[in-house]
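Novice: This is the structure alone, sequence omitted:
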């Protein structure tokens, strides 16, 4: 069994030229789990998988750059020519269902009832930090992060023991260390050039140096740097991360495939 992650996005807050926001497809045998669904996810997802047969979608938090493409995803499932085999499970953080219903009220049209906007295609659930979700042969666990709204890092692990850690958005690596220990690949945001004088417990994002330290402390083989603006040269970001992590460092780009 081979666990892989395909980068679908990776821009921070708004899309870069040719690159959408946070979205990562984790695959193992016939199982495909989508981590986050930021703007332009479907543009890249459809190059790699049948979007109607994704096993599950897991949302780390409800900022727009991590969930907004659930709306066109829904329209593709409702009005597209392909038959939907079954409703796709969507796991949301606490309070996520209420947020999605607000989207339904804002976006519903053509005589659609907002209460039924999602229900024909998505099967919504909310997780909490102690949950372990089993999706076929994959197990997903959660670690709360330090961000501006409730947000969770994700660990996806195959039965073979291969594991991928996804930081989502966080300003502090400490809450992620135990949950990521032993994973092979970590996908870690590196949004900021520096923290300036912001106290540790008030931070909401990481630097490349923080990302490198996290990868080093959990014993990862590969660090994928993400949540980046194109105005920051890749070389600079990678160089900063390698001051703390001496193994493989790559920048998230659409179509990048990394083995777990």
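Specialist: Great, that's in hand. This structure is a prediction, so every number in the text was calculated from the model and none was measured.

Novice: Please report phi then psi for the residue nearest to residue 205 when sequence neighbours are not counted.
Specialist: Setting aside the residues directly before and after it, residue 205 is nearest to residue 191 in space (C-beta to C-beta, 6 or more residues apart in numbering), at 3.9 Å. In short, each C-beta sits where N, CA and C put it, glycine included. In terms of degrees, to the nearest 10, the main-chain angles of residue 191 are phi -70, psi -40.

Novice: Isn't residue 191 up against residue 11?
Specialist: No - if you go by C-beta atoms under 8 Å, residue 191 and residue 11 don't touch, sitting 10.5 Å apart.

Novice: Please identify every residue contacting each of those two.
Specialist: Contact criterion C-beta atoms under 8 Å, 6 or more residues apart in numbering; residues shared by residue 191 and residue 11: 227, 228.

Novice: Could you pull out the strands in the stretch 1-150 of the chain for me?
Specialist: Along the stretch 1-150 of the chain, counting by DSSP state E, counting those that start in this stretch, strands occupy 3-7, 9-11, 20-21, 24-28, 31-35, 56-58, 88-92, 122-126, 132-135, 138-144.

Novice: Redo those strands as TSV? Include distance to residue 174 and mean pLDDT.
Specialist: What follows is these, written out as TSV (distance: least, C-beta to C-beta, whole Å; pLDDT from 0 to 100):
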stretch	distance to residue 174	mean pLDDT
strand 3-7	24	97
strand 9-11	24	98
strand 20-21	26	98
strand 24-28	23	97
strand 31-35	22	97
strand 56-58	23	98
strand 88-92	24	98
strand 122-126	25	97
strand 132-135	21	97
strand 138-144	10	98
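
Novice: now residue 253: how far from residue 19?
Specialist: 7 Å (C-beta to C-beta, to the nearest Å).

Novice: shared neighbours, the two?
Specialist: If you check residue 253 and residue 19 against C-beta under 8 Å, 6+ apart, the residues they both contact are residue 10.

Novice: The two - which one has more neighbours?
Specialist: Per other C-beta atoms under 10 Å, whichever of residue 253 and residue 19 has more neighbours is residue 19, with 20 against 16.
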